[in-house]
Each structure stands twice: as C-alpha cells, then as structure tokens.
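**Q** using only what follows, build the 3D model:
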Amino acid sequence: MLEDYRKLKKKMKKTLPELRYRHSVNVANTSVALAMCYGKNLDRAYIAGILHDCAKAIPDEERVQICEKEGIEVTEVERRNPALLHAKMGALMAQRDYGIKDTGILNAIRYHTTGRPNMTMLEKIIFVSDYIEPLRDRAPRLRLLRMLAFQDIDRCVYEITSDSVAFLEKRSKDSMDQMTVKTYRYYQRLLKEREGSEEQNGPREGNC
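**A** This next block holds a predicted model:
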C-alpha cells in the first residue's frame, strides 16, 4: 500500500499547485489520524484525503461544461459559483483518472465541501480534516474544532457547518449551497436528540 500512496502523491504533485498539494497531503495525514482515533480503515482515509481536491486545478469555466457532459447535476448556486463543483468533479476524476471504485471513498470526496445529512464516518473524517488540517489558519475557533475532531466528531461537524452558514449568510445567501444548510440542520437536530438521551441515561463515553 505504501507504493500506492507514493504513486498517488506523485501524480497529485504534478496536477496541483504546490500549496494545494501540501494541503492535500495534510488532509490525508489528518484523515489517517482521525481514522485511528475512531477505529476506521487507514488506507481508505488516506486515499480519500489525498484525492479530495484532485479537481481543483480545473478552471471554473470548464467545470460546468464537464459536469453537464458527464450528467452530473449542477445547481443554480453551483452555476453562479463553479468553484463549488470541484467536489463533485473530484469524485468523477477519482473514479475515472485514479481508478477508485470504492463508493465510500468517492462519496467522501463528493461531499467534503458541503457535507450531507447522516454522513458516514469516512465522510465526516474527510469533511472535518479539510477544515482543520495544519495549514488552515483563517477559520474561526480552529483550536476548539481541532480538539472536538478527536473527541466528538458529530459536534465538530455541527460547529463547522454552523460557522459556514453564519459566514455565508453575512456574505451572500446566493452563494450558500443548500446541502450545507441541510447538513447543519441535521447535526443540530442530532445533537439535541443526543443531549436529551444523555439527560435520561447519563453521558456517553469519549471516543479517543
């Protein structure tokens, strides 16, 4: 598997600008750390992490055309903000250009930007890793989120989406992907239900 890692990294380094490549490596490494924490497959976490931005180098104007040609749904928000399409295109390229057949890995790439309700653990790991990896330094509350990621990943997802929705509401609702809103509401409801259960049954044990 180590040789497969090297091949993926080598191909990604040729495809992406240096800073984006370093980000991808950091996401892969953070994903592996979270996979160890939550008892998940390390290879799947690394592959999804290293490939999550494999479509980033494609120009915005080409993304809509390629998605339409490949039968990938393009929402009005994505049409106005083609950069959002890099996740959907990334899943396509991971399958087509990198030979990834694992549906779980492809979905983790597809939803790493917006999230989605009821994500798998691998999807949550990639979603969170993309936000907290060591190169990130502009998002609010990073210290808290990095701690939560290894203690309560569902709460971490909720806090990330909460910050994202608040930021987009201030900037422009026209740029807000509704999947992000759905993800936020789902994890908000999940945590409320969990807290109600803990009041009755006592707090659950930590993960890591």
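
**Q** give me the secondary structure label for Ala139.
**A** coil (DSSP: H, G, I helix; E, B strand; the rest coil).

**Q** from what I see, it and Glu159 are in contact.
**A** No: using CB atoms under 8 Å, Ala139 is not in contact with Glu159, being 10.5 Å away. Every residue, glycine included, has its C-beta placed from N, CA and C.

**Q** which neighbours do the two have in common?
**A** Leu145 (CB atoms under 8 Å, 6 or more residues apart in numbering).

**Q** those two - which one has more neighbours?
**A** Glu159 (22 against 13; other CB atoms under 10 Å).

**Q** quick check: the more buried one vs Thr30, distance?
**A** 16 Å (CB to CB, to the nearest Å).

**Q** got it, and Cys67?
**A** 28 Å.

**Q** neighbour count winner among these two?
**A** Thr30 (24 against 19).

**Q** quickly find the element holding that one.
**A** helix 18-37 (DSSP states H and E).

**Q** show the subsequent helix or strand relative to that helix.
**A** With secondary structure assigned by DSSP H and E, helix 18-37 is succeeded by helix 42-51.

**Q** hmm, who's touching that following helix?
**A** Contacts for helix 42-51 (CB under 8 Å, 6+ apart): 1, 5, 8-9, 12, 24-25, 27-32, 34-36, 90, 94, 98, 100, 102, 104-105, 108-109, 112, 122, 125-126, 129.
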